[in-house]
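Visitor: here are the coordinates; sequence isn't available:
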């Protein structure tokens, strides 16, 4: 098992463009999370999936953000009409939920820069 | 939401020194994890420790859930230990809440 992978690792875009990130979780993990991290801060939760169902969305996830996990495997996070404030590291994590509390494993992240 | 506070915010050590990082949280938790974020941004799992004590090489961690704190001990520090250490907690079976981290710099 190679761990959680994310693509691309870096993305530079112009304001107003759409971007899409991909996350491949650890195989057989049923939970997938997206977080965002800005400079000097800890990661902040955006949304999570249990299998293919999106169960929770943070208030940070504006209408310009959409996430999918179509077959309960990989996930995509799309940002439409990017703004400079969207510049951040986008992190994906996966876990195997068996009860209360789950150990989450993170991917290397996608660093987004909006010019 | 739950508040997670880490101290100290910054720590500079001479190689070979020991250190203790602290994480306080404001409510009961089902999960507590310690991470090391390397200079490339990768979060590396150190401990999954909702309660009790665990050790892994030069690192050990203790969580006292009833008093709502956790400690991470680093012994005989090395330059490769440099980076940011995050504590993160989970209430229920959902997302992690992260502290603001402790930035550790180990000087040769």
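Guide: Received, thanks. Since the model is a prediction, treat every value here as computed from it, not as a measurement.

Visitor: now the strands for the chain?
Guide: Answering for chain A, as no chain was given. Here chain A has its strands, by DSSP state E, at A:5-7, A:10-13, A:19-24, A:31-37, A:44-50, A:53-57, A:65-68, A:75-79, A:88-95, A:105-106, A:110-114.

Visitor: oops, chain B please
Guide: According to DSSP E, the strands that chain B contains are B:4-7, B:10-14, B:19-25, B:31-37, B:43-48, B:52-56, B:59-64, B:69-74, B:83-90, B:96-98, B:102-107.

Visitor: Show me which positions of the third one end up buried.
Guide: When you say that, I think you mean strand B:19-25. Buried positions in strand B:19-25, judged by neighbour count with 16 or more other C-beta atoms under 10 Å in any protein chain shown: B:19, B:21, B:23, B:25. Yep, even glycine has a C-beta here, placed from its N, CA and C like the rest.

Visitor: nearest to chain A, of these?
Guide: Here the nearest of the buried residues of strand B:19-25 to chain A, counting by C-beta to the nearest C-beta, is residue B:23; it sits at 11.2 Å.

Visitor: For the residue lying closest to that closest one once chain neighbours are set aside, give me the pLDDT.
Guide: Nearest in space to residue B:23, with sequence neighbours left out and distances taken as C-beta to C-beta, 6 or more residues apart in numbering or on different chains, is residue B:87 at 3.4 Å. pLDDT for residue B:87: 98.

Visitor: Contact partners for residue B:87?
Guide: B:4, B:6, B:21, B:23, B:25, B:32-35, B:70, B:72, B:98-99 (C-beta atoms under 8 Å, 6 or more residues apart in numbering or on different chains).

Visitor: can you tell me which of the strands of chain A the model trusts least?
Guide: strand A:53-57 (a mean of 91).

Visitor: Show me what that strand is packed up against.
Guide: Helices and strands touching strand A:53-57, as assessed by 3 or more C-beta pairs under 8 Å, 6 or more residues apart in numbering or on different chains; DSSP states H and E, comprise strand A:44-50.
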